[in-house]
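J.: Below are the sequence and a predicted model for it; my questions follow.
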Amino acid sequence: MKNDLRNFIKNISKGSYNNYLNYDLYNNEFISISSPNLNLGNKLEITKTLTKNIQLTSIMTKFNKQYFLTLFKDFHGLSFINSTVFQASHELNGVSQLKCSVQMFKNLLNVKYDTIVNKNKEVFSQLENFITTQNNAFCLKLIKHSFESSNLIYIFNYWKNFGFACAGAEVVGFNNNLSFNFCGRVSDDYNVIGVSVEKFNIFTTSFYRKLYKNIEMGVEYTENRDTKRKTGIIACRMKNMRSEFKFTVNNLLEYCFSWDEYLTSNLVVGLSGTYCNNTLNYGFHFTYDI
């Protein structure tokens, strides 16, 4: 029960509502290995599951403290509402956040609302609506930034699954201006090739390969035609039932790593760090689920 609740909350925070891909997750395999769990300066996370529908979490770092209240409800008897998640959080630096997600019609429609209030009482809000099937995914996002002079940003994207190949397009509207983005991927059981074009001037391609049962590697290259900037990253992940290790290096020779060890089903310890320009930064983190 604890694991089901924890996994569902993680999926909500990532925008991953089911096992089907969408525009935002087209290169999710590469992102999963190229994003080490960096917790520089030490971190302690304690989660208490009060009931099957209520969970409390406290996250303490060197620089801040966060507190979360999560309410989860699975409606087995209703055909139009499948489940809901409500999460409220507060940080000691004065930032509060509210998240709410509702899955309806056998997870076909997903509605997510997210609002953040900072210490100056400025509000950032975002509303997302997903319609997802096995071969198609539609998403509409409405974003309102915290400063009063900002206009509403609206984003619409569409994703189509053709089997071994997928493609998607996105339209972003802001201040009467439109920008267009495109992406696609080709995959099999062990390899994924992803390509994206943003505003017709930022080109990104990535390659992910599952070498063995527990080892994955990937590379990504990005080129900005306006700034003439080129970036690249190489990533690797080794994972088994008890531990996970991630390592990345980019074109600036910045090395990042994270290691997580599951000592028990409720206790995770980890070490992470970065090394660049002869400077090493590292930290430890502990996660305990009561």
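T.: Looks like it came in fine.

J.: quick one: contacts for Ala169?
T.: Ala169 makes contact with Tyr23, Asn157, Tyr158, Phe180, Asn181, Phe182, according to C-beta atoms under 8 Å, 6 or more residues apart in numbering. Heads up, the C-betas are built off the backbone N, CA and C, glycines and all.

J.: Likewise for Asn64?
T.: Asn64 makes contact with Glu91, Leu92, Asn93, according to C-beta under 8 Å, 6+ apart.

J.: rerun at 10 Å
T.: Gly41, Lys43, Glu91, Leu92, Asn93, Val95 (C-beta atoms under 10 Å, 6 or more residues apart in numbering).

J.: Can you list the strands that the strand or helix carrying Val197 pairs with?
T.: According to DSSP states H and E, Val197 maps onto strand 191-198. Strand 191-198 sits in its sheet next to strand 177-187 (antiparallel), strand 202-210 (antiparallel), going by DSSP bridges.

J.: Measure how far it is from the centre of its chain, please.
T.: 18 Å (C-alpha atoms, centre = their mean, to the nearest Å).

J.: What are the buried residues along it?
T.: Within strand 191-198, the residues that count as buried by 16 or more other C-beta atoms under 10 Å are Val192, Ile193, Gly194, Val195, Ser196, Val197, Glu198.

J.: For the first one, give its distance to Ser35.
T.: From Val192 across to Ser35, the span is 16 Å (C-beta to C-beta, to the nearest Å).

J.: can you list the weak-confidence ranges in this protein?
T.: Along the chain, segments meeting pLDDT under 70 span 1-20, 76-79, 146-150.

J.: let's see it at 80
T.: The model of the chain has pLDDT under 80 over residues 1-21, 41, 75-82, 105-107, 119-122, 145-150.

J.: could you pull out the helices for it?
T.: Counting by DSSP state H, the chain has helices at residues 2-14, 28-34.

J.: Look up the residues forming beta bridges with the nearest residue to Leu40 once chain neighbours are set aside.
T.: Nearest non-adjacent residue to Leu40, counting by C-beta to C-beta, 6 or more residues apart in numbering: Gly283, 4.3 Å away. With DSSP bridges as the criterion, Gly283 is bridged to Ser272.

J.: is it true that Gly283 touches Lys62?
T.: Yes: counting by C-beta atoms under 10 Å, Gly283 touches Lys62, with 7.9 Å between them.

J.: Those two: which has the busier surroundings?
T.: Per other C-beta atoms under 10 Å, whichever of Gly283 and Lys62 has more neighbours is Gly283, with 18 against 10.
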